[in-house]
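Colleague: After the sequence you'll find the predicted model.
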Amino acid sequence: MCLAATAFLIAACGQRGAPVTVSDPVYRPPLGAGSVGAAYFTIESASDDSVVSFSSPMAAAVEIHETVVENGRASMRPIGVLELPARTPVALEPGGLHLMIIDPQPLEADQTFPLRIELESGVTLTVESELSTP
Ligand SMILES: [Cu+2]
């Protein structure tokens, strides 16, 4: 237990692994019979970093998408890596960058949705997102 805790601290304090904060995480379950939910939050890193992978033990896959408006029509496309410039909050929000949650398991009313975030620097963190219904 102590060993695991120490290893985590080292990973979180590595030279490039400066603290990363995630604020206001919310999870929107799929609407109706749909199978794709969404998640939004603001993420900020103290040093230049990037998110190389999002996942969840409660979903088949988690993709990061950007919203693109072309000829007045909004569409979205997956981006591979989410850049986190130092000390710059990056907002994931409806109509912008967002997470698509593929085939999520249903949540109980008082449950939160876990999201695992893997950074290029080697740091990983798990964020519990509040359930939010539009
Ligand atoms: Cu999307």
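Modeller: Looks like it arrived, so ask away.

Colleague: Ends of stretch 50-61, what's the gap?
Modeller: One end of stretch 50-61 sits 19 Å from the other (Cα to Cα, to the nearest Å).

Colleague: Can that stretch be said to contact the ion?
Modeller: No: counting by Cβ under 5 Å from the ion, the ion is not contacted by stretch 50-61; separation bottoms out at 12.1 Å. In short, each C-beta sits where N, CA and C put it, glycine included.

Colleague: ok, Leu115 touching Val127?
Modeller: Yes: between Leu115 and Val127 there is a contact at 4.7 Å, judged by Cβ atoms under 8 Å.

Colleague: Between those two, which contacts overlap?
Modeller: Residues touching both Leu115 and Val127 by Cβ atoms under 8 Å, 6 or more residues apart in numbering: Pro25.

Colleague: So if I had to pick from those two, which one is more boxed in?
Modeller: Taking other Cβ atoms under 10 Å, Leu115 and Val127 do not tie; Leu115 has more neighbours (24 against 19).

Colleague: Remind me which helix or strand that one belongs to.
Modeller: Using DSSP states H and E, Leu115 maps to strand 113-119.

Colleague: Cheers, nothing more for now.
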